[in-house]
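Undergrad: What follows is a protein structure lacking sequence information:
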């Protein structure tokens, strides 16, 4: 599968959002919108590869705490516009020190699956302004290619990607499959993170307990997508009525991302 090809030394979840056929016979353009994990990890060799994409816009969804020690910049000659649009739940916007204090003190009572599911619900309900900003940015920037990324490239980036693909009329199951590819791509790295978290918690947190933090689950995405569809009927209505995105911007997004 092309989507599962590792192209970089330190990026594991970098891939094209396009290439899929829609239910009405169009195709999502390849080479226009990409998704990724944390690009602050790019090595010198990675930067050479990255430069070949000639990105015009990068949307960074990480929190301010996440960005503190992992900032990045690119040569001005590359002409990249960088936009920081943090999407987070309060439980996620912790410093490393605060996170590990939470692990040690509350290890027995921590339910990471519930935490992740609450985070997804928070994104679709409390972060609608940020979703509007991201979609409007991409739609009106209209220069390709663009990149969306967060830290793992699986949850925040995964949700935004899924919403865009569903708006473009990509079949529901294909959207879910694309989302789940993250497990294959970030699995090896997540194992290292699991070991690190367990060590820092003084091994008070089990591997099974940590697992929900390190994977994507069909339930995570489907729960919030079904909530959106139940309330709004379509992702387009969610964008317009829920997030306040104007119809003109959505038409531009469709024109930007679809081969007709």
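TA: Looks like it came in fine. As the structure is a computational prediction, the values presented were derived from the model and not from experiment.
Undergrad: how about the helices in this protein?
TA: Applying DSSP state H to the chain gives helices spanning 44-51, 64-67, 96-106, 112-126, 128-141, 156-167, 172-200, 207-214, 218-232, 235-237, 247-257.
Undergrad: what's the most buried one of those helices?
TA: helix 156-167 (a mean of 24; mean count of other C-beta atoms under 10 Å). Every residue, glycine included, has its C-beta placed from N, CA and C.
Undergrad: avg pLDDT for it?
TA: When pLDDT is averaged over helix 156-167, the result is 98.
Undergrad: picking that back up, can you redo the helices of the chain as a markdown table with distance to residue 26?
TA: Listed next are the helices of the chain as a markdown table, based on distance: least, C-beta to C-beta, whole Å:
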| stretch | distance to residue 26 |
| --- | --- |
| helix 44-51 | 29 |
| helix 64-67 | 36 |
| helix 96-106 | 43 |
| helix 112-126 | 26 |
| helix 128-141 | 17 |
| helix 156-167 | 12 |
| helix 172-200 | 13 |
| helix 207-214 | 35 |
| helix 218-232 | 21 |
| helix 235-237 | 15 |
| helix 247-257 | 9 |
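Undergrad: quick one, which of the ones you listed is nearest to residue 148?
TA: helix 156-167 (5.3 Å; C-beta to C-beta).
Undergrad: Residues contacting that closest one, please?
TA: 13, 17, 20, 28, 33, 35-37, 61, 87-88, 120, 123-124, 131, 134-135, 138, 148-150, 172, 174-176, 178-179, 182, 216, 221, 224-225, 235-236, 238-239, 250, 253-254, 257 (C-beta atoms under 8 Å, 6 or more residues apart in numbering).
Undergrad: circling back: lowest average pLDDT across the helices of the chain?
TA: Minimum mean pLDDT among the helices of the chain: helix 96-106, a mean of 63.
Undergrad: Which one of the helices of the chain lies nearest to residue 57?
TA: Among the helices of the chain, helix 128-141 sits nearest to residue 57 (C-beta to C-beta), with 5.0 Å.
Undergrad: And the contacts of the closest one?
TA: Identification of contacts with helix 128-141 by C-beta under 8 Å, 6+ apart yields 33, 56-57, 59, 61, 81, 83, 85-87, 123-124, 146, 148, 160, 163-164, 239, 242-246, 249-250, 252-253, 256.
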